[in-house]
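K.L.:
Build the 3D model from these lines:
(one chain, ligands or ions: 1)
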Amino acid sequence: MTSKPNAISKAHPYRRASALNTQQVTAGRLVGDTCDRDWIWDREVETETHEPAFARAASAWEKQFRHLMDRSPFYAHKFREAGIGQNHLPLKEIANLPFTTKAELKEAIDEDPPFGSNLCVAPEQVKRIYQTSGTTGAPSVLALTRADMDMWTVIGARTYFATGIHDHSSVLTTFGAGPFVAGHTHFVLSRIGSRSVPVAPGDTDRVIFGLKAGLADTLLSTPSFAQYLANRLEKSEPNPKSMALSHIVTGGEPGGGVPAIRDHIQTVLGVTVTEVMGIGDIAPSLFGECPQQQGMHFCGGGHVWVELVDPDSREPMTIEGGALGELVYTHLTREAMPVVRFLGGDIVRIEGSPCACGRATFRMRVVGRLDDMFIVRGVNVYPTAILAVVGEFRPRVTGRARVIRKGPEVSILPPVPIEVEVPAAHGSDAALAAEIENAVHTRLTFRCKVELIPEATFGESGYKTKLTVTRL
Ligand SMILES: [Zn+2]
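P.N.:
Modelled structure (predicted):
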């Protein structure tokens, strides 16, 4: 066994499923997929139990820790300040290391631009650079060596393969080639060997042309866009289910796992919806949901170490069914810009194990972003919970909604202002607003004030939907 990413990447065999337990033959496959491949990309890593998975991670971490101490001025300084000497720190003691925040990584870049004091290789070894969206301040960069790119591709291949994308799939992707890390998906599809039909983000007409022409059986998009597409085709097409499209993989924001959103897309388009998730600073695709549709499997085994912590106290929690916490990530094999105990800001619920697909890796569903969370009378609320309630009022609503905040305070006094997008005909439906307010009160136990916003004026159609907006 080796922790070298390029060694693991060559392990892909396309084993025949006939060699596997016949009862499992359909468990990891999409409905209608009659191919005979193994549906697990990296069976050794993805099905191993905790003990060998930990041993694999621990040996990779040994090298990664030395790399950080030797090559990262940022971490050498940070660890020294935390009282960690040059000595080896084993993986089982990783909770003794300090967390890393997005703001610190940004400071490290500002300190020594363009790559920052956490660049651990010579600049000539940087072979690919992505930029972050810079939603809070100026964009920053993510530098990758050749091995880093391969590591992202290996994890991405496990992730997308887990959703049911195989070499026989034909995938229309709405993710651009860059500047954002989602562009790396193109390398992943190429590694899996599927057919790729790239369309620029925002080019809805070309997506619809491609789908109606039968160019693709799989679509990669944000849940906002998939929802928009379902709404639009429901109105414009006599039978949207007749298209060759059978699978939509959502990513880039939560939503694909919200039942009201997922069910609507599946019903209108006659597809299976699975979701994926990644974190730019760690790996752009790191979690993939299998056709069992019971949450996203962790796919970074051997390359990324994940911890779960309490979002308030940041105390370690056990990754077990039912646990609700914030995910913390540590690279095990990253060369250029490795991070340690990175606070990802995603609050997730761990799903019970094991999965019928045979993967032993833990599964989770995103509950919300810590940034989006607010508190009403002492109760934590994530806007995705509001989407789940609002979505049930389709077709009188489109499925999009957002919470309006009056300032930076985390606590909001009821009634909580919520804007709900509706088709033009329901723009002044007072009864609808009252029904949604009642449903939110019954289900989420707080009072809200709903304002209905017609589609034409809701704004930011297409790619992503901001779940909370601050208006002073
Ligand atoms: Zn599974």
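K.L.:
show me the contacts for the residue of the stretch 1-150 of the chain found nearest the ion.
P.N.:
Using Cβ to the ion, the closest approach of the stretch 1-150 of the chain to the ion is made by G28 at 6.5 Å. Using the backbone N, CA and C atoms, a C-beta is placed for each residue, glycine as well. Each residue near G28 by Cβ atoms under 8 Å, 6 or more residues apart in numbering is listed here: 39-40, 164, 290-292, 356-359.
K.L.:
From the residues you listed, list the ones also adjacent to the ion.
P.N.:
Near the ion, judged by Cβ under 5 Å from the ion, the entries from the contacts of G28 are 290, 292, 357, 359.
K.L.:
which one of these has the most neighbours?
P.N.:
Of all those, R359 has the most neighbours under the rule other Cβ atoms under 10 Å, reaching 28 neighbours.
K.L.:
which stretches of this structure form helices?
P.N.:
Assignment of helices within the chain using DSSP state H yields the ranges 5-9, 43-47, 50-71, 73-81, 102-111, 146-163, 185-192, 204-212, 223-236, 259-269, 383-390, 430-444, 455-458.
K.L.:
least reliable of those going by mean pLDDT?
P.N.:
Least confident of those, judged by mean pLDDT, is helix 5-9 with a mean of 38.
K.L.:
list the contacts for T445?
P.N.:
With Cβ under 8 Å, 6+ apart, T445 has these contacts: V379.
K.L.:
ok, so what distance separates it from P414?
P.N.:
The span separating T445 from P414 equals 10 Å under the rule Cβ to Cβ, to the nearest Å.
K.L.:
Surely A58 touches P90?
P.N.:
Yes. Distance between A58 and P90: 6.6 Å, which falls inside the contact criterion (Cβ atoms under 8 Å).
K.L.:
Compare those two and say which is more crowded by neighbours.
P.N.:
The residue with more neighbours, out of A58 and P90 and counting by other Cβ under 10 Å, is A58; that gives 16 against 11.
K.L.:
and R80, how many neighbours does it have?
P.N.:
When counting by other Cβ under 10 Å, one arrives at 12 neighbours for R80.
K.L.:
Going forward, the N-terminal residue is numbered 658.
P.N.:
Will do, 658 is the new start, and the previous item becomes R737.
K.L.:
Where does the prediction get shaky in the chain?
P.N.:
Across the chain, residues meeting the criterion (pLDDT under 70) sit at 658-682, 791-794, 1117-1120.
K.L.:
mind listing what the residue most central in space within it touches?
P.N.:
Using Cα atoms, centre = their mean, the residue of the chain that lies closest to the mean C-alpha position is M934, 1.5 Å off. In this structure, M934 makes contact with 908, 942-944, 953, 1003, 1023, judged by Cβ under 8 Å, 6+ apart.
K.L.:
By neighbour count, which of those wins?
P.N.:
Of those, with other Cβ under 10 Å as the count, F944 tops at 31 neighbours.
K.L.:
Pretty sure that one sits against C956.
P.N.:
Yes. In this structure F944 lies within contact range of C956 using Cβ under 8 Å: 6.3 Å.
K.L.:
where do the contact lists of the two overlap?
P.N.:
Contacts common to F944 and C956, judged by Cβ under 8 Å, 6+ apart, are T816.
K.L.:
Give me every residue in the stretch 958-1107 of the chain lying close to the ion.
P.N.:
The stretch 958-1107 of the chain has residues 1012, 1014, 1016 near the ion, with proximity defined as Cβ under 5 Å from the ion.
K.L.:
same thing but 8 Å
P.N.:
Residues of the stretch 958-1107 of the chain found near the ion (Cβ under 8 Å from the ion) are 1012-1016, 1020.
K.L.:
any idea which of those residues is closest to V845?
P.N.:
Using Cβ to Cβ, R1016 is the member of those that sits closest to V845, with 17.8 Å.
K.L.:
quick one on the thing from earlier: so which of the residues of the stretch 958-1107 of the chain next to the ion is the closest to P897?
P.N.:
Relative to P897, and with distances defined as Cβ to Cβ, the nearest of these is C1014, at 28.4 Å.
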